[in-house]
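# Fold the following.
(one chain, ligands or ions: 1)
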Amino acid sequence: MKKFIAIIAAALVCLGARADEGMWLLPLLEQINGKALADAGCRLTPDEIYSINHSSLKDAIVHFGGGCTGEIISRDGLLVTNHHCGYSSIQGLSTSEHNYLMDGYWAMTRADEIPCPNLTVTFLISMEDVTDRLAGLEDPNPVRRELRKAAEEANPGCHAQITSFYNDNVYYLIVYKTYDDIRFVGAPPASVGKFGGETDNWMWPRHTGDFSMFRVYMAPDGSPEAYSESNVPLAAERHLKVSLKGVQKGDYTMILGYPGRTQRFQTAAQLQQMIEVQRIAIDARTIRQEIMWEAMCADPQVQLKYANKYASSANGWKKWQGEELAFGKLGIIDREIEKEAAFMKWVGKKKTRKEQYGDALDRIAACVQASDEARKAMTLLMEAPWRIELVGILSAMSNYNRRTPGASAKTALEAIKGVYRDYVPELDRKEAAALLKFYRERALERDYLNDLGGGFDNFASIDIDAYVNYLFTNSDFVDPKYIGDALDDDPDAIFNDPVTRLYASIYNVYRTRLAEYNEAIEDLDAALKAYTAGLMEWQKKQPSYPDANSTMRLTYGHVLPYNPKDAVRYSYFTTLDGVMQKEDPTNPEFIVPAGLRALWEAKDFGQYADGADGKVHTCFLTNNDITGGNSGSPVLDADGNLIGLAFDGNWESMSSDVMFEPDLQRCICVDIRYVLFLVDKLGGASHLIKELDFAE
Ligand code: ARG
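Numbers count the residues shown, from 1 in each chain. The predicted structure is shown next:
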């Protein structure tokens, strides 16, 4: 009998011992993953990874700029993240004279480290489950406020928030500390940091040196402080050690970071709608990106101004296309429907379950259906007319006014003036015409943008080219100088400007649709909460993790190759040889800097070559479970040493936010040895290498 029980127990543990899928919550590591972590090869205890009582690995990991992950790699607050995470900051610091984005940059002294306006770095202090404290309260807000206040008093200089998990079934009180004097230390040229561009994005084999470096600064007394000359480099409580050993197939790897959003608890109805909504965005972005790309290729100044706008548009655009394809190939919706049927069968077996969860799926489907038209109309608006940059400028001004009641139009203009730095009216004019035509083709008539001024009243029949011509000729917003003068003469000028008419027309449609949408989904949160609670009960014997929500998670797994399709096997690493094979001087995405080619030809690899083959390994694959937001996350070995940076997912499993695919899904990482080779040999910044601690 005893033996029988032991076998059952072992079976249960095996069920949960899978080291691949899962974005695990740090406070539950010991309880849920303790044994599996060790079985997978981890040599750290959960307490060494996450502790609120003493220094632990998590103290070296930061939320970078709100949308990425970074890690501290020296006692002086040196930070490494992806190139694409530093991209907008680097672009913002670049001019055609000092083009750090295209040419790269390395600060040779601390004084050369450049402050990045509006960039923040946030440390996680602690997380505490407060679900019980909030349960059953008619109005939870007073308790929420109290909890936050107490946490902030106990942790001076920190801020606390309460975050929902499992669709409002679990709540954590999370304490963070944010620094906002962040300085740019260096990055390789974009031809290395973004090698392969959009063509290679989301794909393997990959050869991108996707990293950049920053430094966190603090006030001399140690507190977070806005930029000031008297600030000093962060005295880091914890920093990662670097390992130059490289990876082998089957090696244990773990990643700590801030995955943004996943949809692993969504229903088939929701997923179907998601794919349809994304298709609208893909189509609109195809049009806009073509126009941007042409102008960027024709003029390096335009290229610099639009580099970030283009990259962020194209990243989602390509992801959604891959997701659509993967949904079809992997039968995602059908598998979801099967899962729901199995769930309903389980629900049907007990009266209490039927009461609690019996109608949840139908209620969700009803919300999806009722909200469908409004949701798509809003997406079309946001991806087409709202993307006219002139409209964006006015929208930013009006948002500023909403946030700052009583501010004059002039103050608002001053506040948003920075956007003009990267604005090319001629390009926007082309975009405007194309986007409005696209909108008219796709929109329902009730969503038409009527009364645009200048006699352009009936959207169904206006000549869009003539209208755009009228808009750009007559709007003072095309140039901040004009709008400044116009506002000097007449503070009400803003109301008579043609772009205000366009904005108002867009906004009216949006407001109407938003109200419809909100009404249609009134029951959605409650239904999702019930469905998720049902799933949790159904699968309570298996270890579980909530959807990603920009909170810190751990994923653990191994270095692994994969078979993308019949008869094709992908190796788990790439080398500098592959960079040279991809080189194409006629294609801006595949230019190899002369300095890199020279190092490769001379085999001048220093300590960064692989011990086995003598090559510089550029990227490698693991089966860790990540998503957007994990970008820049440290890839750690079994002892917690830094071996790479996670930066992408692979094309064959682009449905991964919805379902994990053990055989196909891989995390694409840049090898830390390639990173340091680029810093040291290509960048000549050996002083930074001296700042690091290496694992023996
Ligand atoms: N696909 C990467 C991610 O979402 C971003 C890569 C950025 N590079 C690019 N070529 N747009 O994390």
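# can you pull out the helices in the stretch 551-696 of the chain?
576-582, 594-601, 672-677, 686-691 (DSSP state H, counting those that start in this stretch).
# How much space separates Ala415 from Thr404?
As defined by C-beta to C-beta, to the nearest Å, Ala415 lies at a distance of 8 Å from Thr404. The C-beta positions use only the backbone N, C-alpha and C, and glycine is treated the same way.
# the more surrounded of the two?
For Ala415 against Thr404, the residue with the higher neighbour count under other C-beta atoms under 10 Å is Ala415, and the figures read 16 against 12.
# pretty sure that one contacts Asn401?
No: in this structure Ala415 lies outside contact range of Asn401 using C-beta atoms under 8 Å: 9.5 Å.
# any residues in contact with both of those two?
Here Ala415 and Asn401 have Ala407 as joint contacts, going by C-beta atoms under 8 Å, 6 or more residues apart in numbering.
# Relative to Ala443, how far out is Ile162?
Looking at Ile162 against Ala443, where the rule is C-beta to C-beta, the gap reads 39 Å.
# same check, this time on Arg238
Remark: distance between Arg238 and Ala443 (C-beta to C-beta) = 53 Å.
# between the two, which one's more packed in?
When Arg238 is set against Ala443 and neighbours are counted by other C-beta under 10 Å, the residue ahead is Ala443, at 19 against 15.
# so what pLDDT did that one get?
The score at Ala443 is 98. That number is its pLDDT.
# Please identify the residues of the chain in proximity to the ligand?
Proximity of the chain to the ligand (C-beta under 6 Å from any ligand atom) is limited to residues His84, Lys194, Gly197, Glu198, Asn201, Trp202, Ala311, Ala314, Asn315, Gly628, Ser631, Asp648.
# Once you drop chain neighbours, what's closest to the residue of the stretch 101-250 of the chain found nearest the ligand?
Relative to the ligand, the nearest point of the stretch 101-250 of the chain is Asn201 (3.8 Å; C-beta to the nearest ligand atom). Leaving aside its chain neighbours, Asn201 sits nearest to Lys318 (5.7 Å; criterion: C-beta to C-beta, 6 or more residues apart in numbering).
# Could you do Arg183 as well?
Leaving out its chain neighbours, the residue that sits closest to Arg183 by C-beta to C-beta, 6+ apart is Glu113, at 3.9 Å.
# Run through the residues that contact the one you found.
With C-beta under 8 Å, 6+ apart as the criterion, the residues that contact Glu113 are Ala107, Arg183, Phe184, Val185, Arg215.
# Surely the first one is in contact with Phe214?
To tie it back to what came earlier, the one meant is Ala107. No: because the distance of 10.1 Å does not satisfy C-beta under 8 Å, Ala107 is recorded as not touching Phe214.
# These two: who's more crowded?
Between Ala107 and Phe214, counted using other C-beta under 10 Å, Phe214 has the larger neighbour count: 29 against 18.
# where does the more buried one fall, phi/psi-wise?
The phi and psi torsions at Phe214 (degrees, to the nearest 10) take the values phi -140, psi 170.
# Look up how far Phe677 lies from it.
The spacing between Phe214 and Phe677, counted by C-beta to C-beta, is 20 Å.
# Please name the residues that touch the residue of the stretch 101-250 of the chain closest to the ligand.
The contact partners of Asn201, taken as C-beta under 8 Å, 6+ apart, are Ala314, Asn315, Lys318, Asp648.
# number of nearby residues for the first one?
By the measure other C-beta under 10 Å, the count of residues near Ala314 is 19.
# And for it, nearest residue in space, chain neighbours not counted?
Counting by C-beta to C-beta, 6+ apart, the nearest residue to Ala314 once its immediate chain neighbours are dropped is Glu198, at 4.8 Å.
# mind listing what that neighbour touches?
The neighbourhood of Glu198, defined by C-beta under 8 Å, 6+ apart, consists of Ala311, Ala314, Lys318, Glu589.
# and those as JSON lines, adding distance to Ile49?
Converted to JSON lines, the contacts of Glu198 look like this (distance: C-beta to C-beta, whole Å):
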{"residue": "Ala311", "distance to Ile49": "33"}
{"residue": "Ala314", "distance to Ile49": "35"}
{"residue": "Lys318", "distance to Ile49": "33"}
{"residue": "Glu589", "distance to Ile49": "38"}
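# Specify which member of these is nearest to the ligand.
Ranking the contacts of Glu198 by separation from the ligand, with C-beta to the nearest ligand atom as the measure, puts Ala311 on top at 4.4 Å.
# Model confidence score at the closest one, please.
For Ala311, the pLDDT comes out at 96.
# Also Phe4?
Phe4 is assigned a pLDDT of 43 by the prediction.
# thinking again about what came up before, where does the residue nearest to Asn201 fall, helix, sheet strand or coil?
Following DSSP: H, G, I helix; E, B strand; the rest coil, Lys318 is assigned to helix.
# That one contacts Trp202, doesn't it?
Yes: with the criterion set as C-beta under 8 Å, Lys318 and Trp202 qualify as a contacting pair; they are 5.6 Å apart.
# Most neighbours among the contacts of Asn201, which one?
Sorting those by how many neighbours each has (other C-beta under 10 Å) puts Asp648 first, at 27 neighbours.
# circling back: tell me the residues that contact both of Ala107 and Phe214, please.
With contacts defined as C-beta under 8 Å, 6+ apart, the residues shared by Ala107 and Phe214 are Arg183, Phe184, Val185.
# can you tell me which of the residues you listed are in strands?
Using DSSP state E, Arg183, Phe184, Val185 are the members of the shared contacts of Ala107 and Phe214 that sit in strands.
# Which residue comes closest to the second one once chain neighbours are left out?
To tie it back to what came earlier, the one meant is Phe184. Ile114 (4.5 Å).
# Any idea how many residues pack against that neighbour?
If we define neighbours as other C-beta under 10 Å, then Ile114 has 17 of them.
# How about the one 3 residues further on?
When neighbours are counted by other C-beta under 10 Å, Pro117 registers 12.
# for Tyr503, same thing?
Tyr503 has 23 nearby residues by other C-beta under 10 Å.
# helices and strands around the strand or helix carrying it, which ones?
The secondary structure element spanning Tyr503 is helix 498-520 (assigned by DSSP states H and E). Other helices and strands packing on helix 498-520, by 3 or more C-beta pairs under 8 Å, 6 or more residues apart in numbering; DSSP states H and E, are helix 360-383, helix 389-403, helix 464-474.
# per-stretch mean pLDDT over the ones you listed, give me the minimum one.
Set side by side, these differ in mean pLDDT, and helix 389-403 is lowest with a mean of 90.
# Now do the contacts for Ala638.
When contacts are counted by C-beta under 8 Å, 6+ apart, Ala638 touches Gly41, Cys42, Arg43, Leu44, Asp251, Tyr252.
# let's go with 6 Å and repeat that
Applying C-beta atoms under 6 Å, 6 or more residues apart in numbering to Ala638 gives the contacts Gly41, Cys42, Arg43, Tyr252.
# again, but for Gly104
Gly104 is in contact with Ala187, Pro188, Pro189, counting by C-beta under 6 Å, 6+ apart.
# Could you rerun that using 10 Å?
Each residue near Gly104 by C-beta atoms under 10 Å, 6 or more residues apart in numbering is listed here: 83, 90, 186-193, 212, 593, 595, 678, 682-683.
# per-residue confidence for the residue nearest to it when sequence neighbours are not counted?
By the measure of C-beta to C-beta, 6+ apart, the closest residue to Gly104 outside its immediate chain neighbours is Pro189, 3.8 Å from it. The predicted local distance difference test score for Pro189 is 98.
# Surely Pro189 and Ser94 touch.
No: at 11.3 Å, Pro189 and Ser94 do not qualify as touching, with contact defined as C-beta atoms under 10 Å.
# These two: which has the busier surroundings?
Taking Pro189 and Ser94 together and counting by other C-beta under 10 Å, Pro189 has the greater number of neighbours (24 against 19).
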